[in-house]
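Colleague: Pasting the sequence and the predicted coordinates here, then a few questions.
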Amino acid sequence: MQYTYFKKALICALTVLLSISVRAQEAQLLTNTATANKKNYWNNNFSVSNNFLKESIVQDSTHIKIVYFGSSVPYGQGATNLRGYTSLFSDILKNRISTSGSVWETSNISIGGDNTIKVLKRYEADLLPQKGKYVIFALALGNEGIHEQGQPMFDQFKKNMKVLIDKARSDGYTPIVTNSYTRNDYNEKDYSFIKKMNLLIHEWNVPSINLLGAVDDLSGHWMDGYWADAAHPNDAGHAEMSYTIVPSLFDALESKKPMPESVKGSYIKAERNKYIAFTPENVVHPFTTSISFKTKGQGTLLEIDDVTEAGKVSINNDGHLVYSSAKLGVIIGATKVNDNKWHKLTLTHYYAKGVTMLYADSTLQGTLEEKLVTTGVKIGGANIPQKLPYKNWLFYRSAMNAEEVAYLAKDSLLKSSLELYAPLDGKKVSVSDPLVNLAQSMNTIREINSMDSASN
């Protein structure tokens, strides 16, 4: 009996000791875990390693959805595996670090054949459940019936697009609009409607994208080699269209950067010991750059860096503009521009068509067949004319037709695919920073020493 009692007591004691040991191990485990978590928190949030910026953005970011809402082209028709321009731009967003700390999600609810009537009918059922923040209305006059019915369909498209924009805003979305583009069945009248509508969209109080300038053969048709069928681009055409979207547009919108408005400022005096330089975001194919200047002299006005060499626009001894391409070709203008009056220089490049066009004000000075991949634009430098003021520098991620250039020549601010609008207000009449970029992008211009640039 004593043995039995002793056995029970021993078992009880061992049980107590085992319980104490387990609790001690648990306490140590909790301590170790807390220490590890504290260490990981420090490493993840305060490390100065090369991955710090990327890790911090991922941890602190907000997932924000962009919804593509349109017809067959934004759905990807004509591209391999339907990876059209919207998919390609989604990849551009994912592959760049967001300055707003955002992680972008995209959804595509486009349906082939849709026009403004059909999109309005399915608006509540298809868009609102997406619970997104941004919606890109990607519709075109072709599906509206512009080729068959003309002016009534132009008016219908204009009216319904404004309804869609207003509805989106009232439902908490920020709308973006693509402009109309090409089709191989368009005639001259159809093309006129397309260009007229795009000029309206340029000036609407909504971010917009100039798709036409990416793929136009300058008669309203797809450029040869860039279409899959009469109504749809192929892989190459979709790629050109994707480049027209400003990569940091949505970061600018997240930062509450307003729509740009034309300002009446002063000017900046060019200096020979420095450049003012602009580097576009991501790959650029079609583009337009425009700037106002005034001079009585000769010399270089603008330098354009290509992936291979550098080109320039200058004034020769006759007072005419001369475009010297990075590809070795030359355009010599006929309009006198060194009369000490303000003039507008515009250089536009259709990559798909393979042509560069030089304008003095609204007058075409000539064209040159070439394909450029522009990596930067600079003003100023050692070879400028004496007493050269600049103002209103623009850079668009799309080419422009003659009607659009005529608007620029009148100092109208066109906004589709605008990556740079620098008033260059040196006297700070309208803006506090002479180098400010008012376009809805996060890109900037900067001053660099001209000798440093020459050595690179």
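Modeller: Arrived safely, thanks for sending.
Colleague: And Asp114, how close does it get to Tyr68?
Modeller: 12 Å (CB to CB, to the nearest Å). The way it works is simple: take the backbone N, C-alpha and C, and place the C-beta from them, glycine included.
Colleague: do the same with Tyr323
Modeller: Distance from Tyr323 to Tyr68, by CB to CB: 37 Å.
Colleague: Likewise for Lys162?
Modeller: 20 Å.
Colleague: May I have the beta-bridge partners of Lys336?
Modeller: Applying DSSP bridges to Lys336 gives these bridge partners: His320.
Colleague: Flag the shaky bits of the stretch 351-456 of the chain, pLDDT-wise.
Modeller: For the stretch 351-456 of the chain, the stretches flagged by pLDDT under 70 are 451-456.
Colleague: What of the chain?
Modeller: Ranges of the chain meeting pLDDT under 70: 1-61, 451-456.
Colleague: how about the helices in it?
Modeller: 2-46, 52-60, 72-75, 85-94, 116-121, 141-144, 146-149, 151-170, 188-203, 212-215, 235-242, 249-254, 402-409, 450-455 (DSSP state H).
Colleague: sorry, back to before: neighbour count winner among Asp114 and Tyr68?
Modeller: Tyr68 (26 against 23; other CB atoms under 10 Å).
Colleague: surely that one meets Thr86?
Modeller: Yes - in this structure, Tyr68 is within contact of Thr86 by CB atoms under 8 Å, at 4.6 Å.
Colleague: list residues touching both of those two?
Modeller: Pro74, Tyr75, Thr106, Asn108, Ser110, Ile136, Ala138 (CB atoms under 8 Å, 6 or more residues apart in numbering).
Colleague: what about the residue lying closest to the first one once chain neighbours are set aside, how many neighbours?
Modeller: Right, the one you point to is Pro74. What sits nearest to Pro74 in space, not counting adjacent residues and going by CB to CB, 6 or more residues apart in numbering, is Ala138, at 3.7 Å. Around Ala138 sit 27 other residues, with neighbours defined as other CB under 10 Å.
Colleague: Any idea what Ala138 is bridged to?
Modeller: Gly70.
Colleague: Contacts only, for it.
Modeller: Tyr68, Phe69, Gly70, Ser71, Val73, Pro74, Thr86, Ser110, Thr178.
Colleague: Go through these and say which is closest to Asp229.
Modeller: Within the contacts of Ala138, proximity to Asp229 (CB to CB) peaks at Val73, which comes in at 11.2 Å.
Colleague: Neighbours of the nearest residue to the closest one once chain neighbours are set aside, how many?
Modeller: Of all residues not flanking Val73 in the chain, His232 sits nearest, at 6.0 Å (CB to CB, 6+ apart). When neighbours are counted by other CB under 10 Å, His232 registers 21.
Colleague: Widest-spaced pair of the contacts of Ala138?
Modeller: Taking CB to CB, no two of the contacts of Ala138 sit farther apart than Phe69 and Val73, at 12.6 Å.
Colleague: hang on, isn't Lys312 packed against Ser324?
Modeller: Yes - with contact defined as CB under 8 Å, Lys312 reaches Ser324; the gap is 5.3 Å.
Colleague: my guess is Asp251 contacts Ser100, does it?
Modeller: Yes - taking CB under 8 Å as the definition, Asp251 is a contact partner of Ser100 at 4.5 Å.
Colleague: Contacts for stretch 275-284, please.
Modeller: 92, 96, 243, 246-248, 268, 287, 303, 373-381, 393, 395, 397, 419-420, 422, 424, 435, 441, 443, 445-450, 453.
Colleague: typo on my end, stretch 121-135
Modeller: In contact with stretch 121-135 (CB under 8 Å, 6+ apart) are residues 64-67, 69, 107, 109, 111, 164, 167-168, 171-176, 250, 253.
Colleague: cool, and stretch 304-311?
Modeller: For stretch 304-311, using CB under 8 Å, 6+ apart, the contacting residues are 289, 303, 312-313, 323-327, 347, 372-378.
Colleague: again, only using 6 Å
Modeller: Contacts with stretch 304-311, where a contact means CB atoms under 6 Å, 6 or more residues apart in numbering, come from Glu303, Ser324, Ser325, Ala326, Leu372, Val373, Thr375, Gly376, Val377.
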